[in-house]
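**Q** Got a sequence here, can you build the structure:
(2 chains)
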Amino acid sequence: MKKVRKISFTTAASVIVVSGTLIVASMAQAKPPRSETQIAQERAALMTAVAKGDDLWHSAKLGNNGLACANCHPDGSASNVHTWPKFQTNLGKVGTLREMINWCIAVPMQGRILEYDSEEMIAMEAYATYTHRGVAIAPAKDEQHGAVPVKSGPGYPRH
Amino acid sequence: MKKFSRRQFLGMTTKAGAATMFAGIFAPSASSMLGLGGVAEAATKKIKPFNFAVLTDAHLYDIADHKFDHILEKAVADVNSIKPRPDFVLYAGDLGQSGKKAELVKGKKILDKLKMPYKIIPGEHDYYLDMGKAWRKLFGDEHWSFNHNGVHFIGMNSILVPDFWTLKKLTPKERMHMMEELECHNCGAWGVGEKQLNWLARDVKRVSPDTPVVIMTHSPLWDYYPRWNFQTYDAPEIREILRKFDKVISIHGHVHQVVYNEINNMRSCGLLSTSWPWPYPPVELEYPHIKQRRADPGDFEDGLGGHDIAVNADFDAIVHWREFSDLLPDNIKKGLKV
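**A** Just a heads-up that it's a prediction; the model follows:
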């Protein structure tokens, strides 16, 4: 490759300018390429989390009044994952998607909130985010965003 | 069937009493009499102006003192306060959430507080636990028609799906649970089915084309967002059967939002729920200015409400979305002429 200039600024990451394009690369990429099996396994791990999140999202068990997240947010719609963190009136501060998920569990669903780094919470975030794949990040953008359109089925590989 | 002129009809109902004649047509709570005429009456070109109210999608749970009970109570009180008083009320389905008899009984008890008669159709949430058995016992026929002041009203069950449960050996509860999910991973598209299409064709056969028609279904009679069953698979056939009429107004629940569309002679209005507002699906709308603003999730009544529809002598209907809080844009605040 021509005109490649490498600037090391930490041991963890480097910034490479390739023909005027700025690329942030982690040290992980300096390792030998992952095998296809490895990539497939990692992908499957994410999809397992998404599927778990999907189930929780549609479960009335998180709340105490019969409601599930999906009552108001089918396909994860209107969770507006691309706009967080932002000032959210209901939270009274700048908050994250996970805090909003907990607010919804506690207030409209009258349930018990999840630990922020629990497997359940991460699964919920994985599901909501996956349904918005490809949507441009837009902090605090005032819009209600629909999920990525899906014709039928769960919208992701599910076993 | 013997045909009655309007005069004969009214004379007869005065003698016989509306309750006896129309038991099963209107709910037993019917306290005022409707000018229900036969087919001949519907051919009258001029309409006597009137207004009617519409409520839908209460999604009541079998949980005592649930917040949705109170919202439906509030909507019923709101309808009772409308002036001039609506001649009757239509209810567009999903009175219950999980098809339980207790939910429907609770819903009926609240709806019976309406000061005018009401007419109702089922939604998928009312239906798939016992395939509509409890619903039919409480409310009667799943499809019906009647004439009022020169307008022909039709109600149909639009949530019938092909059997997806027998082969999978699902229990009624499992079947209901799948149908409760809007995304409907396993259920497929729903519609009114052949039997009701035949009924509709027969029903409107002798209704004159210049008769104004209002049709109520749970789901939209156009392809809005099929993934969420914001559709009715045999809507094209329904629209074809009703194509001979000058104007058809279609009102539908299920979408829990203000939405509008026109196809040929049909003008479709989506209705507000009394449970929660659905987000707008990721599709372009033909009438993007006829939408409601985003609801505040902290206000449990935001984006919810009922409807008052006023009909004038020329069948210009003004649809008023009566939202509990102000989420309507200025262009439809005072109603939408359809």
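
**Q** quick one: the closest residue to B:Arg136 other than its chain neighbours from B:Leu336, how far?
**A** Distances taken as C-beta to C-beta, 6 or more residues apart in numbering or on different chains put B:Glu142 closest to B:Arg136, at 6.8 Å, once the chain neighbours are dropped. Glycine gets a C-beta too; all of them are placed from N, C-alpha and C. For B:Glu142, the distance to B:Leu336 equals 29 Å [C-beta to C-beta, to the nearest Å].

**Q** before we move on, what about B:Ala201?
**A** 30 Å.

**Q** Those two - which one has more neighbours?
**A** With neighbours defined as other C-beta atoms under 10 Å in any protein chain shown, B:Ala201 and B:Leu336 compare such that B:Leu336 has more, 20 against 14.

**Q** The residue lying closest to that one once chain neighbours are set aside: what's it in contact with?
**A** Computed as C-beta to C-beta, 6+ apart, the closest residue to B:Leu336 that is not its neighbour in sequence is B:Val319, at 4.9 Å. Contact analysis of B:Val319 by C-beta atoms under 8 Å, 6 or more residues apart in numbering or on different chains lists B:Ile251, B:Cys269, B:His307, B:Ile309, B:Gly335, B:Leu336, B:Val338.

**Q** one step back: name the helix or strand for the residue nearest to B:Arg136, please.
**A** Under the criterion of DSSP states H and E, B:Glu142 resides outside all helices and strands.

**Q** Look up phi and psi at it.
**A** phi -80, psi -20 (degrees, to the nearest 10).

**Q** That one - how many residues pack around it?
**A** Number of residues near B:Glu142 (other C-beta under 10 Å) recorded here: 22.

**Q** what residues are up against the residue of the stretch 151-300 of chain B found nearest chain A?
**A** Chain A sits closest to B:Pro282 of the stretch 151-300 of chain B, with a gap of 3.2 Å, by C-beta to the nearest C-beta. B:Pro282 makes contact with A:Ser77, A:His145, A:Gly146, A:Ala147, A:Val148, A:Pro149, B:Tyr225, according to C-beta under 8 Å, 6+ apart.

**Q** returning to that earlier point: looking at the contacts of B:Val319, which two lie furthest apart in space?
**A** Largest separation among these by C-beta to C-beta: B:Ile251 and B:Gly335, giving 13.8 Å.

**Q** quick one: which of those two has more around it?
**A** Legend: neighbour count by other C-beta under 10 Å for B:Ile251 and B:Gly335, higher for B:Ile251 (26 against 17).

**Q** residue contacts, whichever residue of the stretch 1-150 of chain B sits closest to chain A?
**A** Among all residues of the stretch 1-150 of chain B, B:Tyr61 sits closest to chain A, at 4.1 Å; criterion: C-beta to the nearest C-beta. Contacts for B:Tyr61 (C-beta under 8 Å, 6+ apart) come out as A:Asn65, A:Gly66, B:Phe68, B:Gln97, B:Ser98, B:Glu103.

**Q** for B:Asp314, same thing?
**A** B:Asp314 is in contact with B:Ile47, counting by C-beta under 8 Å, 6+ apart.

**Q** what about 10 Å?
**A** B:Lys45, B:Lys46, B:Ile47, B:Pro49, B:Pro212, B:Lys247 (C-beta atoms under 10 Å, 6 or more residues apart in numbering or on different chains).

**Q** need the contact list for the residue nearest to B:Arg136.
**A** Contacts of B:Glu142 were listed using C-beta under 10 Å, 6+ apart, and they are B:93, B:120-122, B:126-127, B:132, B:135-136, B:155-160, B:192, B:196.

**Q** what's the helix or strand for B:Trp321?
**A** strand B:317-323.

**Q** Of the contacts of B:Val319, which belong to strands?
**A** Among the contacts of B:Val319, DSSP state E puts B:Ile251, B:Cys269, B:His307, B:Ile309, B:Leu336 in strands.

**Q** So B:His185 is in contact with A:Gly153, correct?
**A** Yes: contact between B:His185 and A:Gly153 holds when scored by C-beta atoms under 10 Å: they sit 5.9 Å apart.

**Q** hey, what's in contact with both of the two?
**A** The overlap between the contact sets of B:His185 and A:Gly153 (C-beta under 10 Å, 6+ apart) consists of B:Arg227.

**Q** what about these two, which has more around it?
**A** For B:His185 and A:Gly153, the more surrounded residue by other C-beta under 10 Å is B:His185, and the numbers stand at 16 against 13.

**Q** Distance of the more buried one relative to B:Phe164?
**A** In terms of C-beta to C-beta, B:His185 sits 10 Å off from B:Phe164.

**Q** the strands in chain A, which residues?
**A** Here chain A has its strands, by DSSP E, at A:4-8, A:13-18, A:21-26, A:86-88, A:93-95.

**Q** Parallel or antiparallel, which strands does the last one pair with?
**A** If I follow you right, that is strand A:93-95. Sheet pairing of strand A:93-95 (DSSP bridges) gives strand A:86-88 (antiparallel).

**Q** now B:Ala92: how far from B:Pro220?
**A** Counting by C-beta to C-beta - B:Ala92 and B:Pro220 are separated by 11 Å.

**Q** okay, and the common contacts of those two?
**A** Common neighbours of B:Ala92 and B:Pro220 (C-beta under 10 Å, 6+ apart) are B:Ser158, B:Ile251, B:His252, B:Gly253, B:His254, B:Gly270.

**Q** hey, what's in contact with both of B:Ile251 and B:Gly335?
**A** B:His307, B:Ile309, B:Ala317, B:Val319.
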